[in-house]
Structures are given as structure tokens and as C-alpha cells.
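>>> 3D, please:
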Amino acid sequence: MSHHHQHHQHQNPETELPQQETQAEAVELQANAEAAEPTPEQLAQRVAELEAELADINKYHQAELQNLNRRHQEEIQAAHKFAAKKFAEELLKVKDYLEMALLDQSGNFDALKMGVEMTLTELKRAFEQAQIKEILPQPGDKLDPHRHQAFQTVESEQEPNTIVNVMQKGYTLHDRVLRPATVSVAKARAEE
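Reported below is the predicted structural model:
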């Protein structure tokens, strides 16, 4: 131990003490260190205490996370229910108009047509509220397999793989495709 201390002294010239004192100090340090050193049992107990604390903290955070998750799920469900309720309310008017049109005995075609137009206006409004938008490609647009469904290929002067005509509009809901537009597509021209 004294060898170690002398070595130490070379590094710290400011602690130049007479050799004897350093020796005495080293012995004292040794005694203190032994007194302060916890036993393996004490160490094991401390480790167990810390592990228990950690487990408690973990349990608390787990519970917090579960609560947050549950609240989040409930909010999402509430939002879905509210959106569905609003959409349903909008559709009630559409149903009212359709029933009124069917009850009309006048045989007046123009009045019936006007009624259908009013109904369609209501339905469009309901779609707007619900973020339902049309997919209506134009002739000559490139076929987009995510938004268009090719129903048939036809001979055409257009570029191959472009839309010739739309058989049925498609729709998106919040920018996700509800139904792709059904289209006919220009064939690759046969080689002359």
C-alpha cells in the first residue's frame, strides 16, 4: 500500500508530507474504507430496494400509458360516432326528398326532375360534410391504378394506357379511395 502512496506523491507535488505522516494516513484510510465498505448482504439488499423502486416506477408508467391509451381510444370512438351521426342526419333529408318525389301524383315530369335535382344537391352537401369527393378522370388522363379501375381496353387514337372514357365515377373518403373510377383505357396500338 505504501508503494502505491509514494507513487501517488510524485504525481501531486503539492501534497509533500513527511513520509511518516503519509504512512499513518494510509493506515487510517484503510481502516475507514473497511468500516464504510458495505457487506455483500447489504449490497444485495440495496440492489433489491432499488429494483423494487424501479418496478414501482415501471408499474406507475404502465398504468399511465394504459390510461392514456384508453382515453385516446374513447376519443377516437366518440369522433367516429359524431361523424357518423352528422352524416346520418344529412342523409335523412335526402330520404325525405325521395319519398316526397314518389308521393307526387301530378305526373309532372319537370316537377319530378326538379325534386331529384334538389335531392342530389342535398346528397352532395352530405358528401362534402363527410369529406367524400369524386374521382372523375378526364379522357386522355393517365391510368392511375390506385384511383382508376380499367374495365376494358379499346382501340383509340390516344396514347396507350390513357383513359378513353369513364363508366362510373369513383369516390374518396378523407383522401382514401372508397371506390375507384371504372374506366376504359386505350389499347397499345397494334404494329402496322
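>>> Can you name the next helix or strand after the longest helix seen in the chain?
In the chain, with assignment by DSSP state H, the single longest helix is helix 40-103. Going down the chain from helix 40-103, the next helix or strand is helix 109-129, by DSSP states H and E.
>>> what angle do the longest helix of the chain and helix 109-129 make?
170 degrees (axes from the mean of the first three to the mean of the last three CA atoms, to 10 degrees).
>>> pLDDT weak spots in the protein?
Residue ranges of the chain with pLDDT under 70: 1-35, 190-192.
>>> can you do 80?
For the chain, residues meeting the criterion pLDDT under 80 lie at 1-37, 189-192.
>>> and residue 184, which of the three is it?
strand (DSSP: H, G, I helix; E, B strand; the rest coil).
>>> Count the residues that sit near it.
Other residues within reach of residue 184, judged by other CB atoms under 10 Å, total 17. C-beta here means a position set from N, CA and C on the backbone, and glycine is covered the same way.
>>> Kindly report the same for residue 126.
19.
>>> Find the residue closest to it in space, skipping its chain neighbours.
residue 90 (3.3 Å; CB to CB, 6 or more residues apart in numbering).
>>> who does the longest helix of the chain touch, helix- and strand-wise?
Where contact means 3 or more CB pairs under 8 Å, 6 or more residues apart in numbering; DSSP states H and E, helix 40-103 is packed against helix 109-129.
>>> Does anything pack onto the helix it packs on? Which helices or strands?
Packing partners of helix 109-129 (3+ CB pairs under 8 Å, 6+ apart): helix 40-103.
>>> ok, now with 10 Å
helix 40-103, strand 132-135 (3 or more CB pairs under 10 Å, 6 or more residues apart in numbering; DSSP states H and E).
>>> That's all I had, so thanks and see you.
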